[in-house]
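# Next one to model:
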Amino acid sequence: MRKTIKPSLLLTLGAAVLVIGGGAVAYWLLVQRNILGGNVPVGAELVPQNALVAVSISTDSEQWQQLEQYGTPETQAAFSKQLQQLNDNLLTTNGLNYQQDIQPWIGKEVTIAYLSSVVGTPNSSSSGAIPLAQPSMVMVLPIDNAVLAQQLLEKAKSRQQGKLVERTYKDVQIRETQSTSSQTLSTAVLGRSLVVTTDPRATERAIDTAKGEPSLAITPGYSDALGKIKAGQPFAHLYFNVPVAAAVAAANSARSLSPENLANLQQNQGLAATVTLEPEGIQFKGISWLKPNSTKKHVVENNAKIMAKRLPGETLMMMSGGNLQRLWQNYVQGAQSNPIVPLNPQDFRAAVKSRTSLDWEQDLLPWMAGEFSVSLIPAPPASGSNLSAGVVVMVQASDRSLAEKSFKQLDEFVATKYKFLVQPSQLNGQTVVNWISPLGGVTSTHGWLDGNVAFLTMGANIASEFAPQPTARLEDQQLFKQAVPTALNSKNGHFFIDVDRTINAGNLTLTPFIQNFKPVMAGIRAIGVTGAISDEYHSRFDIFVALKKLGEPRSNSNPFPSPQITPILPPDLKSPRPSPQPTGSPGAKASPTLPPAQIQPLPTPSATSSPNPNLSTPSASP
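Have a look, this model is predicted:
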């Protein structure tokens with residue numbers, strides 16, 4: 001049986017600092033302890049309030065044994081290798097063993113925090129950004145058995161290696177050493193906790209916190225937020241300091257922010273999550289909150305209800321929300337003060353205009369105040385498409401007449417610019433409109449579901465999979481039910497990805513950032529997210545990572561095959577100016593062999609085309 005190293009590399013790193021503890025520590029310091037009750041993790045009272053990130057991890061060996069059952073032999077082997085290397089470098093070489101020397105005295109959880117070293121103020125920068133240095137680490141190891149801890153300190157003294165420097169700061173003894181691996185560590189005993197840092201200044205900041213400076217434990221809203229995401233046996237607690245992170249991002253971004261935009265980022269206070277280990281994977285219960293004096297307020301609106309019912313069971317990936325119009329408004333507002341925004345709103349507006357001739361905010365958003373989804377669906381075997389998957393966008397229209405006008409303009413545009421045949425058709429008794437390439441084959445389909453849900457497909461011909469109703473619904477599939485959390489009573493959006501049939505199957509083109517995590521993804525089956533707005537100050541999110549288990553059969557338990565996903569948009573639709581393609585792209589300019597632009601007349605909408613809230617009785621016409 002493979003021997004395991006418990007509990008983690010973080011704990012191993014923390015334990016290793018005892019090697020530099022050298023000398024007897026005043027015993028009365030070891031037996032002192034300032035314990036905060038309630039929801040706050042042990043160690044939070046010693047972490048400075050302006051910490052960038054804080055993670056509290058359980059030392060329960062049973063939970064670590066459970067963690068070791070997840071993944072594949074390859075992912076577990078890689079994980080064990082990292083632990084073994086760290087264990088060899090920091091413990092074994094100094095004659096220490098975690099199970100024998102550390103585990104007997106350490107408390108129930110260890111807290112690790114990263115501090116950003118502020119070297120200026122907002123007023124000292126013309127852009128309003130705060131210049132920041134490299135973050136330093138602070139680790140708080142609680143001492144549950146002072147006698148055993150004292151014995152280990154004596155043992156560490158006799159095995160002291162590296163250059164040792166001892167000094168005193170505010171009556172607290174600090175020991176600093178540079179080990180043979182050129183790693184400098186600093187330690188101090190505060191109450192009944194051993195504090196370890198990678199920077200002498202960070203040690204002083206921890207001491208300042210112990211002496212009365214603001215701590216993470218008293219951060220506005222922190223304890224209350226953790227109370228909202230309590231779990232019976234948490235494996236970890238996570239905290240992300242949004243204002244400090246905003247300052248870090250601003251200081252390291254080529255894009256300068258005005259003082260007003262930087263101040264807007266400071267409206268947010270924090271983001272926290274409780275992590276638990278479940279039989280089938282890892283659960284994250286998360287919450288974000290605004291500062292008590294924030295002028296920004298959330299609009300309490302949780303309308304994500306129907307999209308998982310509208311999608312077929314073989315859906316590979318989906319994202320949904322309760323109000324596309326509001327989502328865009330919030331995104332634009334946030335993008336103005338976000339130095340690392342992934343999508344520039346102005347670029348998106350320009351792209352929509354060039355590719356559709358429509359104004360995103362004037363022509364489209366006014367009727368998009370309802371629930372929406374964007375999904376990736378594999379092509380049915382009998383579709384005859386050269387593409388193996390397609391994207392479908394669904395929007396519950398708040399104004400159908402405006403939506404019909406937009407689709408009419410789109411039809412005219414693709415017929416004129418791309419020479420597509422715009423052809424009404426019947427699909428399973430449902431009226432739809434197909435855009436047919438001059439070279440043959442359906443490129444896109446749009447229509448209506450239940451009278452008020454507009455849809456547009458791109459890529460493979462997938463409309464038959466969900467119009468008018470899917471044969472098997474996504475929400476009924478075992479993997480979806482397992483991955484997408486349902487504990488939140490009200491829901492503002494969902495995200496789901498079948499990792500096995502997308503990333504692990506090598507069917508998606510990954511960004512370099514995600515590519516770095518591909519070895520980790522090999523142990524994941526699916527990821528699901530559910531979000532909700534709790535009140536004006538709090539928003540909630542639950543994440544579940546469905547994991548494989550050691551010893552599980554390699555075969556995919558999902559009843560649907562893994563398609564070979566190819567690009568879903570023709571080359572001409574990726575460029576605002578279509579040009580002839582060597583492969584005969586449908587975006588090629590009209591030639592004598594191509595048919596003229598055609599738009600076949602649409603049937604006159606009947607009385608049944610009015611919005612119908614009854615999902616079980618879909619409208620038979622647009």
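
# ok, which stretches of the stretch 201-350 of the chain are helices?
For the stretch 201-350 of the chain, the helices defined by DSSP state H, counting those that start in this stretch cover 222-228, 242-251, 259-265, 307-310, 324-335, 345-356.

# quick one: which of these is nearest residue 278?
Proximity to residue 278, assessed across the helices of the stretch 201-350 of the chain by CB to CB, is greatest for helix 222-228 (19.4 Å). (C-beta placed from N, C-alpha, C; glycine too.)

# contacts for that closest one?
38-41, 44, 216-217, 237, 239, 270, 272, 274, 287, 289, 534, 538, 540 (CB atoms under 8 Å, 6 or more residues apart in numbering).

# swap in stretch 386-395?
307, 310-311, 316, 324, 367-368, 370-379, 403, 441, 449, 453-463, 466, 563-568.

# Emit the PyMOL select command for whichever of those residues are buried.
Provided next is the PyMOL selection string for whichever of those are buried by 16 or more other CB atoms under 10 Å:
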select buried, resi 307+310+311+316+324+367+368+370+371+372+373+374+375+376+377+378+379+403+441+449+453+454+455+456+457+458+459+460+461+462+463+466+563+565+568
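
# Show me the contacts of stretch 386-395 that map onto helices.
Judged by DSSP state H, the subset of the contacts of stretch 386-395 located in helices is 307, 310, 324, 403.

# Quick one, grab the pLDDT at the first one.
Okay, so that is residue 307. As predicted, residue 307 sits at a pLDDT of 96.

# before we move on, what about the second one?
If you check residue 310, the pLDDT there is 97.

# circling back to that earlier point, can I get the ones in helices among the contacts of stretch 386-395 in TSV with distance to residue 84?
Shown next, in TSV, are the ones in helices among the contacts of stretch 386-395 (distance: CB to CB, whole Å):
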residue	distance to residue 84
307	46
310	49
324	49
403	59
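
# ranges for the strands of the stretch 301-450 of the chain?
317-321, 372-378, 389-396, 421-427, 430-436, 442-449 (DSSP state E, counting those that start in this stretch).

# Residue 57 is nearest to which of those strands?
Residue 57 sits nearest to strand 317-321 of all those, at 30.4 Å, using CB to CB.

# what about dumping the CA coordinates of that closest one to CSV?
What follows is strand 317-321 as a C-alpha-only set of coordinates in CSV (Å, rounded to 0.1, in the frame of the first residue of the first chain):
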residue,chain,number,x,y,z
MET,A,317,-21.6,23.2,-21.1
MET,A,318,-24.1,25.8,-20.1
MET,A,319,-24.2,29.2,-18.5
SER,A,320,-27.5,30.9,-17.5
GLY,A,321,-28.7,34.0,-15.7
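
# pLDDT on it, on average?
98.

# follow-up on the earlier one: need the helices of the stretch 201-350 of the chain in JSON lines (columns: distance to residue 192).
Listed next are the helices of the stretch 201-350 of the chain as JSON lines, based on distance: least, CB to CB, whole Å:
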{"stretch": "helix 222-228", "distance to residue 192": "21"}
{"stretch": "helix 242-251", "distance to residue 192": "28"}
{"stretch": "helix 259-265", "distance to residue 192": "37"}
{"stretch": "helix 307-310", "distance to residue 192": "49"}
{"stretch": "helix 324-335", "distance to residue 192": "43"}
{"stretch": "helix 345-356", "distance to residue 192": "52"}
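
# Please identify the most buried of these.
Across those, averaging neighbours per residue (mean count of other CB atoms under 10 Å) puts helix 307-310 on top, at a mean of 23.

# Point out the other helices and strands that that one packs with.
Applying 3 or more CB pairs under 8 Å, 6 or more residues apart in numbering; DSSP states H and E, one finds that helix 307-310 contacts strand 317-321, strand 372-378.

# 10 Å instead, please
With contacts defined as 3 or more CB pairs under 10 Å, 6 or more residues apart in numbering; DSSP states H and E, helix 307-310 has these neighbours: strand 317-321, strand 372-378, strand 389-396, strand 453-459, strand 493-498.

# That one: how far from the chain's middle?
Relative to its parent chain, helix 307-310 has a centroid offset of 22 Å by CA atoms, centre = their mean, to the nearest Å.

# hmm, back to that, where among the helices of the stretch 201-350 of the chain is average confidence lowest?
Across the helices of the stretch 201-350 of the chain, helix 259-265 has the smallest mean pLDDT, namely a mean of 78.

# Domain parsing of the chain, as residue ranges.
Residue ranges for the domains of the chain, per automatic domain parsing: 26-59+106-148+159-274, 297-475+587-609.

# and the strands of the stretch 301-450 of the chain as a markdown table, adding distance to residue 257?
Shown next, in a markdown table, are the strands of the stretch 301-450 of the chain (distance: least, CB to CB, whole Å):
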| stretch | distance to residue 257 |
| --- | --- |
| strand 317-321 | 27 |
| strand 372-378 | 29 |
| strand 389-396 | 32 |
| strand 421-427 | 45 |
| strand 430-436 | 42 |
| strand 442-449 | 39 |
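
# Can you show me the strands along the stretch 1-150 of the chain?
In the stretch 1-150 of the chain, the strands defined using DSSP E, counting those that start in this stretch lie at 51-58, 109-115, 136-142.

# Touching, residue 209 and residue 215? I think so.
Yes: the pair residue 209 and residue 215 passes the contact test of CB atoms under 10 Å, sitting 4.9 Å apart.

# Mutual contacts of the two, please.
Here residue 209 and residue 215 share the contacting residues 44, 45, 46, 47, 48, 49, 51, scored by CB atoms under 10 Å, 6 or more residues apart in numbering.

# Taking these together, which two end up most distant?
Within the shared contacts of residue 209 and residue 215, 45 and 51 form the most distant pair, 12.2 Å apart (CB to CB).

# Could you tell me which residues touch both of the two?
By CB under 10 Å, 6+ apart, the residues touching both residue 45 and residue 51 are 111, 209, 215, 216.
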